[in-house]
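A.B. asks: Starting from these lines, generate the structure:
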Amino acid sequence: MPDENATVKPDPAVAGAASHLATYVRLSLATLFWAGVFVAGKISLEVLDPVFLAAARFAVGALAVGVVVALTRRFAAASLGEIALFARIGFLGVFAYNVLFTIALDLSTPLHGLVIIATTPAWTAALSLAMLRARVTPAQIAGFACAFAAVLVTVVPEARASGWRVEAGTLLGDLLFVAAAIVWSVYTIEVKRALAAHPASVVTGWSLVLGALMLAPAAALATDVPAEIAAMRPFDVAAVLYMGVLATLGAFWLWSRGVAAIGPARASVFLNLVPIWGAAMTAIAFATLPSPMVLAAIALAITGVVLVQRGGR
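C.D. replies: Now for the predicted structure:
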């Protein structure tokens, strides 16, 4: 009979597979939460100002960070140099990206945003290669071309229909989505550098709080905050809580853990899920199916990202 007191050693292969599965689940959940922002945000923008919505989202996120810190009693002090680093990350990933993203979402459509933001990994790779002055492979060139084509397929038809006027149609919003994608790419590179010296929870917590502190005065200057609060419907309150807790603190933490576990290149593959989740949510929320042109743009965006990532191996 086996010894009941004997220690059973875990199988390293099984433990490794379980660890990778947990990482993949974290990354998939992060993309699901991010995809929901396109739908929840668009509905809330029917009554709320874009800058106010971005500030409210991250005010809730910063408050959630405070609650987590109070419950866990794990406050990570930072030096002035570290605060400067976290502030730069917060400016890029919280302030700049989300102001651009929310205004773009107000001026364009969730599906346009889903396609354009899906090309972010290609922009990230292009910027990384430019900064490192590395040799670009044919597969990467093809990937960049597909990603660029996805943006053109999304932007050009409606821009042409509106006479290429930025004040009409979705052109201005689409261009702001492109700007947001590029800003997020720079943010991703900065996070990669920060994660080499700091835990993901520290980078997420500090950058989120500092970014929220930047958004607060912007909202106060750009909007009538009491009027915005009074205009909020029950759905908007729920949407802000969702975006602040799940799609901000939760998704940022899940994503940072995933990047730390398998690296930014492998983790960025999961960003391909965002347009898929988002297209499904948009179809349900607005009772409209994506047009063949949008589906083609999503396919081009995903193909471009895959080619860029494979070409960089």
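
A.B. asks: For residue 294, which non-adjacent residue is spatially closest?
C.D. replies: Distances taken as Cβ to Cβ, 6 or more residues apart in numbering put residue 111 closest to residue 294, at 5.1 Å, once the chain neighbours are dropped. C-betas here are computed from N, CA, C, even on glycine.

A.B. asks: Tell me which residues touch that neighbour, please.
C.D. replies: Residue 111 makes contact with 278, 279, 282, 290, 294 under the criterion Cβ atoms under 8 Å, 6 or more residues apart in numbering.

A.B. asks: ok, the second one touching residue 290?
C.D. replies: Yes - taking contact to mean Cβ atoms under 8 Å, the distance of 5.2 Å between residue 279 and residue 290 places them in contact.

A.B. asks: Need the overlap of contacts for the two.
C.D. replies: With Cβ under 8 Å, 6+ apart as the test, residue 279 and residue 290 both reach 111, 298.

A.B. asks: Next, the residue nearest the centre of the chain: secondary structure please.
C.D. replies: The geometric centre of the chain, computed from its C-alpha atoms, lies nearest to residue 34 (Cα atoms, centre = their mean), at 5.9 Å. With DSSP: H, G, I helix; E, B strand; the rest coil as the basis, residue 34 sits in helix.

A.B. asks: Same question for residue 136.
C.D. replies: Quick answer, by three-state DSSP: residue 136 is coil.

A.B. asks: With residue 47 instead?
C.D. replies: Recorded secondary structure, residue 47: coil (three-state DSSP).

A.B. asks: Nearest residue to it in space, please, no chain neighbours.
C.D. replies: Per Cβ to Cβ, 6+ apart, closest to residue 47 is residue 231, 5.0 Å.

A.B. asks: how about that neighbour, phi and psi?
C.D. replies: Note on residue 231: backbone dihedrals following degrees, to the nearest 10 are phi -80, psi -10.

A.B. asks: And it, how far from residue 222?
C.D. replies: According to Cβ to Cβ, to the nearest Å, residue 231 and residue 222 sit 15 Å apart.

A.B. asks: Output the contacting helices and strands for whichever strand or helix holds residue 125.
C.D. replies: Per DSSP states H and E: residue 125 is located in helix 120-132. If contacts are counted by 3 or more Cβ pairs under 8 Å, 6 or more residues apart in numbering; DSSP states H and E, helix 120-132 sits against helix 138-161, helix 171-195, helix 264-268, helix 292-311.

A.B. asks: for those, which one sits closest to residue 61?
C.D. replies: helix 171-195 (15.4 Å; Cβ to Cβ).

A.B. asks: Who are the packing partners of that closest one?
C.D. replies: Judged by 3+ Cβ pairs under 8 Å, 6+ apart, helix 171-195 is in contact with helix 80-90, helix 97-107, helix 110-118, helix 120-132, helix 138-161, helix 200-222, helix 251-262, helix 264-268.

A.B. asks: what do you get if the cut-off is 6 Å, keeping everything else the same?
C.D. replies: Packed against helix 171-195 by the contact rule (3 or more Cβ pairs under 6 Å, 6 or more residues apart in numbering; DSSP states H and E) you find helix 97-107, helix 110-118, helix 120-132.

A.B. asks: What angle do helix 251-262 and that helix make with each other?
C.D. replies: Here helix 171-195 runs at an angle of 50 degrees relative to helix 251-262 (axes from the mean of the first three to the mean of the last three Cα atoms, to 10 degrees).

A.B. asks: Give me the buried positions along helix 171-195.
C.D. replies: Neighbour counts over helix 171-195 (16 or more other Cβ atoms under 10 Å) mark 171-192, 194-195 as buried.
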